[in-house]
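output the structure for:
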Amino acid sequence: MEVRIGISNIVKELELDLGDGADVDGLVNELESKLSSGDAILWLTDKKGRRVGVPATKLGYIDLGAPSESHKVGFGGPSMAVKPKK
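Model prediction:
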């Protein structure tokens with residue numbers, strides 16, 4: 001599962017791949033408990049073992065995405081044909 005986190009006052013978002021076996025409901029419950037406690041730090045570990053901590057008070061948004069296999073790379077978007085000028 002891919003997770004994107006927006007952190008307040010930081011332009012770039014944090015992206016983590018937690019792997020396909022990640023427990024979405026467990027993660028949502030942990031997020032809710034951390035946000036309700038105020039000064040807690042949300043710790044996440046990606047599939048490579050990297051640990052990332054974000055203060056709960058600095059979370060702007062969290063996007064819980066699909067498993068990594070559905071992630072498309074390259075020019076898979078719609079065609080944007082440009083008409084030549086005459």
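
switch to C-alpha atoms for all contacts and neighbour counts from now on
Fine.

continuing past the helix or strand of the chain with the lowest mean pLDDT, what's the next helix or strand?
Every helix and strand of the chain was ranked by mean pLDDT, DSSP states H and E. The lowest is helix 24-37, at a mean of 81. Remark: after helix 24-37, the chain's next helix or strand is strand 41-45, criterion DSSP states H and E.

so what strands line up beside the next helix or strand after that following strand?
For strand 41-45, the following helix or strand on the C-terminal side (DSSP H and E) is strand 51-55. According to DSSP bridges, strand 51-55 forms sheet pairs with strand 41-45 (antiparallel).

relative to helix 24-37, how tilted is the partner strand?
160 degrees (axes from the mean of the first three to the mean of the last three Cα atoms, to 10 degrees).

hang on, the earlier thing: in CSV, could you pull the C-alpha coordinates for the least confident helix or strand of the chain?
Provided in CSV are the C-alpha atoms of helix 24-37 (Å, rounded to 0.1, in the frame of the first residue of the first chain):
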residue,chain,number,x,y,z
VAL,A,24,-5.3,-0.4,6.3
ASP,A,25,-7.9,-0.5,9.1
GLY,A,26,-5.2,-0.9,11.7
LEU,A,27,-3.3,2.1,10.2
VAL,A,28,-6.5,4.2,10.2
ASN,A,29,-7.2,3.3,13.9
GLU,A,30,-3.6,4.2,14.8
LEU,A,31,-3.9,7.5,13.0
GLU,A,32,-7.1,8.4,14.8
SER,A,33,-5.7,7.6,18.2
LYS,A,34,-2.5,9.6,17.5
LEU,A,35,-4.4,12.6,16.3
SER,A,36,-6.7,12.5,19.4
SER,A,37,-3.7,12.3,21.8
